[in-house]
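Asker: compute the structure for the input listed below.
(one chain, ligands or ions: 1)
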Amino acid sequence: MIKVILGQVKEYKKASILTPLFAALEVLMEVLIPFITAQIIDNGIEQGNLKNIYIYGAIMLVLAGFSLLFGALAGKYAARASSGLACNLREAMYENIQTFSFSNIDKFSTAGLVTRMTTDVTNVKNAYQMSLRIAVRAPLMLICSMVMCFFINARLSIVFVIAILFLGIILFFIMTRAKRIFDVVFKKYDDLNASVQENISAIRVVKAYVREDYENKKFTGAAKRLYEMFVKAESILAFNNPVMMLTIYGCVLSLSWFGASFIVSKTMTTGELTSMFTYIMSIMMSLMMLSMVFVMLTLSVASCERIVEVLQERPDLANKEQPLMEVKNGSIEFEHVNFSYKHGSGEDTLKDINLTIHSGETIGIIGGTGCGKSSLVNLISRLYDVSDGAVKVAGKDVRDYDMEVLRNQVAVVLQKNVLFSGTILENLRWGNEKATEEECIEACKQACADEFIKQLPDGYNTYIEQGGSNVSGGQKQRLCIARALLKRPKILILDDSTSAVDTATDAKIRKAFKEQIPGTTKLIIAQRISSVEEADRIIVLEDGMVNDFDTHENLLKTNKIYREIYDAQAKGGGDFDEAV
Ligand SMILES: Nc1ncnc2c1ncn2[C@@H]1O[C@H](COP(=O)(O)OP(=O)(O)OP(=O)(O)O)[C@@H](O)[C@H]1O
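Answerer: The predicted structure is shown next:
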């Protein structure tokens, strides 16, 4: 796991090596300063030698200057290395996520991926920055200060050994308890992030259903639980300081006691005792820093694991070797297809589907909510792979095609339409980046989008806000259809894509399809029978199985379900589900 994370350091290796190097040099300077202080006291002040004071004073200033410089450099390179690692991690994750199939995304969930790319990467970045600087600085400071103490007075240094043991044991207990709580805290953080993301992206629904109070209460509850856990963890950590102070004062007292008798018996000088006091502070501070690094590192382990999961996830769908690079026509066949979602209930969503659709046919698909209509069409552009059987386009298994080639020829207007921030023209060119403005306008005319675009103050250069929030649902659907048309696909799938469009416009769009793209196979999923009745044939799906597949006229005569829906809708009744 560490190898995968560190593998992303890449061009920031130099900064990652320079940081500990400068941190070590900074420590070295800091450690020498108290020793020089001792020289000023013993050889300068006590002997009344002004020259020595000047010399040692100057050395001390130089050391302090270098210490400052090395400290600043260590800080600069640590920031560069850790921010660079975070940037590379995000880029690598983002790149890998782009290769994910729908099934991979189902596994992680969108909110989960966002948390991993933001909070988790920030945790790892902070831990890396700390380890580069403090994980080097603290132990080195501890060792160097100890060495200096033993060098000055080995007998008196026993006081430090006892103090370190005492502090070490107490800190260990504090940290292990705090870590246990922090582990839970970070999991709760994920949940909170997920709920915030869900709520904000669905804020319009929340408002429409006047659920603000409920959502506020839900969020406050989650935030409060997080607050309580943080307080609990922090109150354990708060013991750090008093324990530390207790140990320092204990040491100062013991040093003064034993040091005084050593000075009296002339086995130690005043300067040496003064420097020992400074070293004691450095030793204790190092221990404190080490304990914080320990917490930080243990906390980042969970984040590392979650990042590595994304980095090592391999797309479920891959091109076979030497894939087919051309889709000859728009015919579709389903041969004994069974399909279940890997991360779903485990039951088959589609069962033994057998269908033959000729190139250029217009096919309606109708059925109750959740009967598998979207799942059926998603198999054609290979958004998911079948569990058994085969889906064929132009007589070839979809798994034999290069995925990009296949998806360029099978355009899907998904149920959840998405537009991106950018102008209308930019959005349309997602369908075909080389499309001229005239081609874009033509596609919009076919999708009945041209009329409303022309009325916008900036026309085709109107800026679409993130998620298409400044256009209506119906307008968004028409733009998405135009975008798909620009691909000039051999197969066009409209997954309930005209649900927000009025019946007259819906009819106009279908008429345009018939006249303008007669050679394209069109699959239209709809709730309204009026949207599919002119289709060449209609598939009636029921519980993941094909109940019937025939023309509108024949279905009216022979299919009981279809007839009932038709009658209900003709009388102004609701959609498929209400009618059944
Ligand atoms: N990504 C997914 N992971 C797991 N299960 C899923 C997923 N998408 C759909 N399902 C399940 O598969 C079944 C069929 O869903 P599908 O979306 O194909 O139905 P549908 O007929 O298109 O419904 P609707 O008319 O509401 O759009 C449903 O039970 C649904 O819960």
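
Asker: top helix in the protein by residue count?
Answerer: Across the chain, the helix with the greatest residue count (assigned by DSSP state H) is helix 50-99.

Asker: after it, next one along is what?
Answerer: The C-terminal neighbour of helix 50-99 among helices and strands, as given by DSSP states H and E, is helix 102-108.

Asker: and that following helix, which residues are buried?
Answerer: 103, 104, 105, 106, 107, 108 (16 or more other CB atoms under 10 Å). Using the backbone N, CA and C atoms, a C-beta is placed for each residue, glycine as well.

Asker: which of these lies closest to residue 338?
Answerer: Distance to residue 338, by CB to CB, is smallest for residue 103 among the buried residues of helix 102-108, at 15.5 Å.

Asker: name all residues that make contact with that closest one.
Answerer: 316, 317, 341, 342, 343, 384 (CB atoms under 8 Å, 6 or more residues apart in numbering).

Asker: hang on, isn't the last one packed against residue 101?
Answerer: Yes. Using CB atoms under 8 Å, residue 384 and residue 101 qualify as a contacting pair, with a distance of 7.1 Å.

Asker: overlap of the contact sets of these two?
Answerer: In contact with both residue 384 and residue 101: residue 317, using CB under 8 Å, 6+ apart.

Asker: make JSON lines out of the contacts of residue 103 and add secondary structure, distance to residue 278 and pLDDT.
Answerer: Listed next are the contacts of residue 103 as JSON lines, based on DSSP: H, G, I helix; E, B strand; the rest coil; distance: CB to CB, whole Å; pLDDT from 0 to 100:
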{"residue": "316", "secondary structure": "coil", "distance to residue 278": "61", "pLDDT": "83"}
{"residue": "317", "secondary structure": "coil", "distance to residue 278": "64", "pLDDT": "85"}
{"residue": "341", "secondary structure": "coil", "distance to residue 278": "66", "pLDDT": "90"}
{"residue": "342", "secondary structure": "coil", "distance to residue 278": "63", "pLDDT": "80"}
{"residue": "343", "secondary structure": "coil", "distance to residue 278": "60", "pLDDT": "73"}
{"residue": "384", "secondary structure": "coil", "distance to residue 278": "67", "pLDDT": "92"}
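
Asker: if any of those are buried, give me the ChimeraX selection for them.
Answerer: Buried members of the contacts of residue 103, defined by 16+ other CB under 10 Å, are picked up in ChimeraX with:
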select :316,317,341,384
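
Asker: what residues does this structure put near the ligand?
Answerer: Counting by CB under 6 Å from any ligand atom, the residues of the chain lying close to the ligand are 106, 341, 343-344, 349, 367, 369-375, 415.

Asker: ranges for the helices of the stretch 251-400 of the chain?
Answerer: All helices of the stretch 251-400 of the chain, identified by DSSP state H, counting those that start in this stretch, fall at 270-312, 373-378.

Asker: pick the most buried one from those.
Answerer: helix 373-378 (a mean of 22; mean count of other CB atoms under 10 Å).

Asker: C-alpha coordinates for that one, PDB please?
Answerer: This file holds the C-alpha atoms of helix 373-378, laid out as PDB (Å, rounded to 0.1, in the frame of the first residue of the first chain):
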ATOM      1  CA  LYS A 373     -35.900  -1.200 -19.700                       C
ATOM      2  CA  SER A 374     -32.800   0.900 -19.000                       C
ATOM      3  CA  SER A 375     -30.800  -2.300 -18.200                       C
ATOM      4  CA  LEU A 376     -31.800  -3.800 -21.500                       C
ATOM      5  CA  VAL A 377     -30.600  -0.800 -23.600                       C
ATOM      6  CA  ASN A 378     -27.400  -0.300 -21.500                       C
END
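
Asker: tell me the helices and strands packed up against that helix.
Answerer: strand 350-357, strand 362-367, strand 491-495, strand 521-525, strand 537-542 (3 or more CB pairs under 8 Å, 6 or more residues apart in numbering; DSSP states H and E).

Asker: if I pick the residue nearest to residue 331 when sequence neighbours are not counted, what's in contact with it?
Answerer: Distances taken as CB to CB, 6 or more residues apart in numbering put residue 359 closest to residue 331, at 4.4 Å, once the chain neighbours are dropped. Listed by CB under 8 Å, 6+ apart, the contact set of residue 359 reads 329, 330, 331, 394, 490, 519, 521.

Asker: hang on, the earlier thing: now, among the buried residues of helix 102-108, which is nearest to residue 441?
Answerer: Nearest to residue 441 among these: residue 105, at 33.9 Å, using CB to CB.

Asker: any stretches of the stretch 451-580 of the chain with poor pLDDT?
Answerer: Along the stretch 451-580 of the chain, the model assigns pLDDT under 70 to residues 571-580.

Asker: which residue does it bring closest to the ligand?
Answerer: The minimum distance from the stretch 451-580 of the chain to the ligand, using CB to the nearest ligand atom, falls at residue 496 (6.1 Å).

Asker: neighbours around that residue, how many?
Answerer: For residue 496, the count of nearby residues is 21 (other CB atoms under 10 Å).

Asker: quick one: it from residue 293, how far?
Answerer: According to CB to CB, to the nearest Å, residue 496 and residue 293 sit 54 Å apart.

Asker: repeat that for residue 200.
Answerer: With CB to CB as the criterion, residue 200 and residue 293 are 35 Å apart.

Asker: next: residue 550.
Answerer: For residue 550 relative to residue 293 (CB to CB), the value is 71 Å.

Asker: kindly report the same for residue 319.
Answerer: Residue 319 is 45 Å from residue 293, by CB to CB.

Asker: about what we covered before: want to throw the buried residues of helix 102-108 into JSON lines with pLDDT?
Answerer: Formatted as JSON lines, the buried residues of helix 102-108 follow (pLDDT from 0 to 100):
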{"residue": "103", "pLDDT": "84"}
{"residue": "104", "pLDDT": "86"}
{"residue": "105", "pLDDT": "85"}
{"residue": "106", "pLDDT": "82"}
{"residue": "107", "pLDDT": "83"}
{"residue": "108", "pLDDT": "82"}
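
Asker: and the residue nearest to residue 410 when sequence neighbours are not counted, what is it in contact with?
Answerer: Leaving aside its sequence neighbours, residue 410 sits nearest to residue 381 (CB to CB, 6+ apart; 4.0 Å). For residue 381, the contact set (CB under 8 Å, 6+ apart) comprises 398, 406, 407, 410, 412, 491, 493.

Asker: at 6 Å instead, please
Answerer: By CB atoms under 6 Å, 6 or more residues apart in numbering, the contact set of residue 381 is 407, 410, 412.

Asker: please list only the buried members of those.
Answerer: By 16+ other CB under 10 Å, the contacts of residue 381 give 407, 410, 412 as buried.

Asker: quick check: pLDDT value at the second one.
Answerer: Spelled out, that is residue 410. We have a pLDDT of 92 for residue 410.

Asker: how close does residue 526 sit to residue 129?
Answerer: In terms of CB to CB, residue 526 sits 55 Å off from residue 129.
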